[in-house]
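K.L.:
no FASTA, just this:
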């Protein structure tokens, strides 16, 4: 069922709907405006004691937004005609007329037909660089009974509040939060913190650092989708498992994607399997887990299947919990029925030996309830029941097609959500998904780790495979491939993981630097740059050339990017200070180091990346870590340090580098080789008990 298109008219205030806003005093009516022109710090606004019925398309009311003076902004909305859950992306602008005049161009017009298959409604986040240099984040809120979104219309920006249903709403409705801070990252953190602390938002989403990251996603995985699509069978899944076990790469999990379900006409019959494609069920797969492939996951659809549950379904246990809506059945919009449906989904998954599940098309589940009593409430109950069922029965939940606010605001337990549309092995599509993932990280990272989706290690030119590999490394989220198991290019996988398949990871999701937050990576002629914090107070800076123009671009390497690298580590943490001795800039791909004096430029070709580690200098030196990994500082712990020595503990042995231009390093059993510009390299011991290394300097 497609959600209905609608224009969002301003409701007549003559309805007499009364509520008060938390703006310091009570208001006699629904205000006609949301005035953000003089905000300092943070503010939340709630419609208290609201009582009213939606109009014919489910809208409760609409208010014009008055923005402050600003230099530039970025506006997030789903780009297709409907409320689409994996197509939320950024639109960069300098004025509101710029925003309203936006029309997609390559590579963002891949799904557009003569410019008609896109829209600007349902905006979910707004970041502005204000005239005074500070940054403002505005977050419309999705609550338990209604949600708010941005709506550009007639040259103005509105806040639209709706339940997308027919039933009257009464009670307190959280509407929006706004925050002003020194950086867009700090503003995003602050606005989420304030929004989730509002009255009425209990048991909704939680901040990212308050949630557990599933162990399975800390290891290298593989997914069936991009290679096999729906053409999976007992034979090729069994062969894939065998190939993954035999691979030189340390895969630790695999996931069976769409193409196996017991369904008819895209409607679910049971949570079991197509008996023709999988004649013996799942034992052939899940009972063959071992020390290498420890976890196996499975794809599920939030609504049962693409068009819901069949009216001829075979699930007697759920009969009382389903209702017919159009030509499908759905879970009844009450908590008991939601719990029954998702408990059955998760329990069936666990009983068949699966460890985790990827739940897809969550936004479609919301759309299917459009026109019922209250689509927002039904979606809220379903997603909360899913969270509980997955947490009770499984080791992990991966949210997919779930970027819309009705989905993100219901991540109370789950910590990982796809932050782009599906990866596809096409150059334009690849550029689009990479930029979409990192730009969405600005607003998603306070509550979620982003999943950049599977990728091909061996697709096309090596520079694109490397860019895809480095991007996933610095993202901090899951890393999994979808090449045919026998055709994987290991050179672009080994630098991300240890020998046991554990991903080096980051301390927080990689997010665009402030300049890139507001920069169109396709049309600007500039490098798109992303930073992430690493262990030992180090940072990674990835500079990409995603421009339409094939010419090289210049990427600026400067200390400011180090100072802001930890901006998404945890709410309330201040930016790192550049140490008194300064920073070392280490070029990972070239293996070169230089002291960062002010800033310098590097040239980046189209579809290429430059990966720079920024390391604090202490006692005239810096330990870089493993040189065969992208994120060297993640490979060791600095245990002790003074002017004459440093003691480090390696997570795993291998080639390392350190920078010491004025003193010679030495360590028992280690042969340090002097290179250029103060760089020293060595092969550190293999034995686990020798990985605690004391290095002396002479």
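P.N.:
Yep, it's here. Predicted, not measured: the structure shown is a model, and the values here were computed from it.

K.L.:
all the helices of the protein, in order from the start?
P.N.:
In order along the chain, the chain carries the following helices (DSSP state H): 96-100, 184-196, 225-228, 234-246, 283-286, 335-351, 362-368, 375-393, 405-408, 427-444, 462-475, 514-517, 559-563.

K.L.:
what's the average pLDDT for the longest one?
P.N.:
pLDDT averaged over helix 375-393 equals 98, rounded to a whole number.

K.L.:
the fourth one now?
P.N.:
Regarding helix 234-246, the rounded mean pLDDT is 96.

K.L.:
list the buried residues in that helix.
P.N.:
234, 237, 240-241, 243-245 (16 or more other C-beta atoms under 10 Å). For the C-beta atoms, the positions are set from N, CA and C on the backbone; glycine is no exception.

K.L.:
of those, closest to residue 446?
P.N.:
Of all the buried residues of helix 234-246, the one sitting nearest residue 446 is residue 244; the distance, using C-beta to C-beta, is 34.6 Å.

K.L.:
mind listing what that closest one touches?
P.N.:
222, 251, 254, 292-293, 485 (C-beta atoms under 8 Å, 6 or more residues apart in numbering).

K.L.:
ok so, going back, closest to residue 536 out of the helices of the chain?
P.N.:
helix 559-563 (12.6 Å).

K.L.:
for that closest one, what is the average pLDDT?
P.N.:
Helix 559-563 shows a mean pLDDT of 92.

K.L.:
number of residues surrounding the residue nearest to residue 168 when sequence neighbours are not counted?
P.N.:
Using C-beta to C-beta, 6 or more residues apart in numbering and skipping the chain neighbours, the partner closest in space to residue 168 is residue 53 (4.2 Å). Counted by other C-beta atoms under 10 Å, the residues lying close to residue 53 total 15.

K.L.:
which residues does the spatially most central residue of the chain contact?
P.N.:
Averaging the C-alpha coordinates of the chain gives a centre point, and the residue nearest to it by C-alpha atoms, centre = their mean is residue 450 (2.0 Å). For residue 450, the set of contacting residues under the criterion of C-beta under 8 Å, 6+ apart consists of 416-420, 437, 440-441, 444, 475-477, 509.

K.L.:
mind putting those residues in TSV, neighbour count, pLDDT and distance to residue 213 included?
P.N.:
Putting these into TSV (neighbours: other C-beta atoms under 10 Å; pLDDT from 0 to 100; distance: C-beta to C-beta, whole Å) gives the following:
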residue	neighbour count	pLDDT	distance to residue 213
416	23	98	7
417	26	98	12
418	29	97	15
419	29	96	15
420	23	94	19
437	27	97	18
440	27	98	18
441	29	97	16
444	28	98	15
475	27	97	13
476	28	97	9
477	29	97	9
509	27	97	11
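
K.L.:
out of the residues you listed, which one sits closest to residue 401?
P.N.:
For those, the minimum distance to residue 401 (C-beta to C-beta) is 6.8 Å, reached by residue 418.

K.L.:
who does that closest one bridge with?
P.N.:
Residue 418 has these beta-bridge partners by DSSP bridges: residue 451.

K.L.:
was I right to think it contacts residue 408?
P.N.:
No: using C-beta atoms under 8 Å, residue 418 and residue 408 do not qualify as a contacting pair, with a distance of 11.1 Å.

K.L.:
what sits in contact with each of these two?
P.N.:
Shared contacts of residue 418 and residue 408 (C-beta under 8 Å, 6+ apart): residue 402.

K.L.:
could you list the low-confidence segments of the stretch 351-500 of the chain?
P.N.:
By pLDDT under 70, the stretch 351-500 of the chain has no low-scoring segment.

K.L.:
max-length strand in the protein?
P.N.:
If each strand of the chain is counted by residues according to DSSP state E, the longest one is strand 169-181.

K.L.:
so which bits of that one are buried?
P.N.:
Counting neighbours by 16+ other C-beta under 10 Å, one finds that the buried residues in strand 169-181 are 169, 172-181.

K.L.:
related to what we said a few turns ago, from the buried residues of helix 234-246, which is closest to residue 187?
P.N.:
Nearest to residue 187 among the buried residues of helix 234-246, counting by C-beta to C-beta, is residue 244 at 42.9 Å.

K.L.:
quick one, what contacts the closest residue to that closest one other than its chain neighbours?
P.N.:
Once flanking residues are discounted, residue 244 sits nearest to residue 251: 4.6 Å by C-beta to C-beta, 6+ apart. Residues counted as contacts of residue 251 (C-beta under 8 Å, 6+ apart) are 220-222, 244-245, 292-293, 501.

K.L.:
and residue 251, how far is that from residue 212?
P.N.:
In this structure, residue 251 and residue 212 are 23 Å apart, going by C-beta to C-beta, to the nearest Å.

K.L.:
hey, what's the nearest residue to residue 696 once chain neighbours are set aside bridged with?
P.N.:
Residue nearest to residue 696 in three dimensions, not counting chain neighbours: residue 645, with 4.9 Å by C-beta to C-beta, 6+ apart. In this structure, residue 645 bridges to residue 642, residue 696 when assessed by DSSP bridges.

K.L.:
is it true that residue 645 touches residue 694?
P.N.:
Yes: with contacts counted by C-beta under 8 Å, residue 645 reaches residue 694, the gap being 6.1 Å.

K.L.:
re the thing from before, which of the contacts of residue 251 are buried?
P.N.:
The neighbour-count test (16+ other C-beta under 10 Å) marks 220-222, 244-245, 293, 501 as buried among the contacts of residue 251.

K.L.:
looking at the helices of the chain, spot the one closest to residue 276.
P.N.:
So among these, helix 234-246 is nearest, using C-beta to C-beta, at 9.7 Å.

K.L.:
and which of the buried ones among the contacts of residue 251 is nearest to residue 144?
P.N.:
Set against residue 144, the nearest of the buried ones among the contacts of residue 251 by C-beta to C-beta is residue 221 (34.1 Å).

K.L.:
the closest one bridge partners, please.
P.N.:
When bridges are called by DSSP bridges, residue 221 pairs up with residue 253, residue 480.

K.L.:
against residue 378, how distant is it?
P.N.:
Between residue 221 and residue 378 the distance is 32 Å, computed by C-beta to C-beta.

K.L.:
pLDDT below threshold where in the stretch 501-650 of the chain?
P.N.:
Ranges of the stretch 501-650 of the chain meeting pLDDT under 70: 571-573.

K.L.:
what's the span of stretch 48-58 from first residue to last?
P.N.:
When the termini of stretch 48-58 are compared using C-alpha to C-alpha, to the nearest Å, they are 19 Å apart.

K.L.:
same deal with stretch 562-570?
P.N.:
16 Å.

K.L.:
what separates that stretch from the chain centre, distance-wise?
P.N.:
Taking the mean of its C-alpha atoms, stretch 562-570 sits 17 Å from the chain's own mean (C-alpha atoms, centre = their mean, to the nearest Å).

K.L.:
could you give me the buried positions within it?
P.N.:
So stretch 562-570, judged by 16+ other C-beta under 10 Å, has buried residues 562-569.

K.L.:
and the residues you listed as CSV, adding distance to residue 203?
P.N.:
Supplementary listing: the buried residues of stretch 562-570 in CSV, determined by distance: C-beta to C-beta, whole Å:
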residue, distance to residue 203
562, 38
563, 36
564, 33
565, 33
566, 29
567, 28
568, 24
569, 25
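
K.L.:
and those residues, which two are furthest apart?
P.N.:
Pairwise distances across these peak at 14.3 Å for 562 and 568 (criterion: C-beta to C-beta).

K.L.:
now do the contacts for the closest residue to residue 528 other than its chain neighbours.
P.N.:
For residue 528, ignoring the flanking residues on the chain, the nearest one in space by C-beta to C-beta, 6+ apart is residue 521 at 3.8 Å. Under the criterion of C-beta under 8 Å, 6+ apart, the neighbours of residue 521 are 431, 435, 528, 544, 546-547.
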